[in-house]
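Got a sequence here, can you build the structure:
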Amino acid sequence: GWWRAAGTALAGTAAVALLMAGCDAAGDGVRSEGSASDNPVPSRARSATPTPSPSSSVAYKKVDARALLRKDPTVGAEVKKTLAKPCTADEYPIDVTYASLTGGQSADVIINVMTCADSVGIGSYVYRKDDKGYENVFSNEQPPVYAGVSKGELEITRQTYDTGDAVCCPTGEDVLTYRWAKHRFSEYSRYHTDYSKTVDGNEASATPSED
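Predicted coordinates:
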């Protein structure tokens, strides 16, 4: 019906708008890097992280994210197993973002670990620099999960699946936002979106439901 055509058109317009927004040089003082370029994370999750800004109000220093995770006793065995060897050559399934989330003098380190095969997020972490090094102040090891930065706050995206859904095509997603207060992250908002799936050829397009 016409409403399906209109919904598809609106979804396409929104995708173009998001792509154009990702090209904007202005951000929240966020710097991102991915060490596994051949293993892109789900597009919905990546949209939660703004484009890196050329300048930042906090000191920015690259860290060895893999080494940081491997020596952290609080990181789960499954994640450490994934990081034991590269996916291809010397490429590990890690995304790293540097941003000010906790109000420290140095940028916080946001790390996402994915599977090599299908880039499903299996662990998200935030490390805060202190006098002794880097402290793990947030972790989520409930896949599929991806951590990003939105307006200077920590945003966690968790894709949801129904029985029979392919990894590429979730039924919806949960988005949780956390604020830093009293030396810890506290959840203060969340929302859930269900997506309707319409088949066009062999591809499914997802658009927000009206629920």
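
make it CA atoms for all contacts and neighbour counts henceforth
Noted.

Same question for the longest strand anywhere in the chain: list its buried residues.
If you go by DSSP state E, the chain has its longest strand at strand 184-200. Residues of strand 184-200 classed as buried: 185, 193-195, 197 (neighbour count, 16 or more other C-alpha atoms under 10 Å).

from the residues you listed, which is closest to L68?
Relative to L68, the closest of the buried residues of strand 184-200 is F185; by C-alpha to C-alpha it sits at 20.0 Å.

OK, contacts around that closest one?
Contact analysis of F185 by C-alpha atoms under 8 Å, 6 or more residues apart in numbering lists 137-138, 178-179.

Most neighbours among those residues, which one is it?
Y178 (19 neighbours; other C-alpha atoms under 10 Å).

Quick check: closest non-adjacent residue to that one.
Spatially, and ignoring its direct neighbours in sequence, Y178 is nearest to E187 (4.3 Å; C-alpha to C-alpha, 6 or more residues apart in numbering).

Isn't that neighbour up against L176?
Yes: with contacts counted by C-alpha atoms under 8 Å, E187 reaches L176, the gap being 6.9 Å.

tell me the contacts of P144?
For P144, the contacting residues are 120-122, 158-160, by C-alpha under 8 Å, 6+ apart.

what's the closest of the contacts of F185 to V75?
Ranked by distance to V75 (C-alpha to C-alpha), those are led by F138 at 10.7 Å.
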